[in-house]
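A.B. asks: got a predicted structure here, sequence first:
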Amino acid sequence: MALFRALRLLALAAPLLLAACVGGADRPAQRPAAKPQTSAIPAFTSPEARQCIADLGKAGVRFTPLANQEFGGGCSAMDSVKLLDIGTPTSNLGAMTCPLARNFAAWAQNAVRPAARKYLGREVVKIETFGTYSCRNIYGGRSGRLSQHASANAVDVSAFVLDDGRRITLLDGWKGSDDEREFLRTLHASACKRFGTVLGPDYNAAHHNHFHFDMSGQGYCR
Ligand SMILES: [Zn+2]
């Protein structure tokens, strides 16, 4: 009986222990990957979603609309797109909700490019990100709220490559040379006008190497 009880306790504790092993900052601690299921709910049926798709087209962005997907554990990508071309090559862009994609493309076009010219006298040839959709909790914790990444509603931007080969990372550039600091702070300020939530290196240690942008909240800017 005691053995049975011990085994039962172990079985209950095992998933928690596993989850604790893969902790870390804003990135790891993915929830168990469930087979993606195409949702029965069709995508882009609401007027807002249709408007967003139209806006993306008008902005000269190339993208693929995605079928609604449910991944289990509360993770999903609804009314989402995959950006193919926003004018600047950008790494690791997976599913993004349409409003996030629309604002991200506008930020790249109307904030990143002009700021690079103004502060660095260069063109940005690549934007690097840590990705968009990821089924995980906030800060990769084993409990707590799901991250906006778990609903494809967030993107983490980590670096910019210029046409002279120079690479400006959030990790080094946020406290780097004057031109790097001005460039990155201008991008942060511009993002705060475009996304619901913006978190950068000044927010906490989990964001020391990237900007987190998501469409939740109303102008939370740190
Ligand atoms: Zn993030």
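C.D. replies: Yep, that arrived. On a predicted model such as this, the values are computed, not experimentally measured, just so you know.
A.B. asks: going by C-alpha atoms from here, please, whenever you check contacts or count neighbours.
C.D. replies: Fine.
A.B. asks: list the contacts for the residue lying closest to Thr129 once chain neighbours are set aside?
C.D. replies: Leaving out its chain neighbours, the residue that sits closest to Thr129 by Cα to Cα, 6 or more residues apart in numbering is Val157, at 4.2 Å. Going by Cα atoms under 8 Å, 6 or more residues apart in numbering, Val157 touches 127-131, 210-212.
A.B. asks: can you report how many residues lie near Asp163?
C.D. replies: Neighbour count for Asp163, taken as other Cα atoms under 10 Å: 12.
A.B. asks: for the remainder of this discussion, apply numbering that starts at 39.
C.D. replies: From this message on, residue numbering opens at 39, which makes the last subject Asp201.
A.B. asks: returning to that earlier point: pick out the most distant pair among the contacts of Val195.
C.D. replies: Ile165 and His250 (13.8 Å; Cα to Cα).
A.B. asks: in terms of neighbours, single out the busier of the two.
C.D. replies: More neighbours surround His250 than the other of Ile165 and His250, with 26 against 21 (other Cα under 10 Å).
A.B. asks: and that one, how far is that from Asp216?
C.D. replies: 22 Å (Cα to Cα, to the nearest Å).
A.B. asks: before we move on, what about Ser172?
C.D. replies: 34 Å.
A.B. asks: for Gly182, give me its contacts.
C.D. replies: Counted by Cα under 8 Å, 6+ apart, Gly182 has contacts 175-176.
A.B. asks: let's have the contacts of Val195 in TSV, adding secondary structure, distance to the ion and pLDDT.
C.D. replies: TSV is the format used below for the contacts of Val195 (DSSP: H, G, I helix; E, B strand; the rest coil; distance: Cα to the ion, whole Å; pLDDT from 0 to 100):
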residue	secondary structure	distance to the ion	pLDDT
Ile165	strand	15	98
Glu166	strand	13	98
Thr167	strand	10	98
Phe168	strand	8	98
Gly169	strand	8	98
His248	coil	8	98
Phe249	strand	7	98
His250	strand	4	98
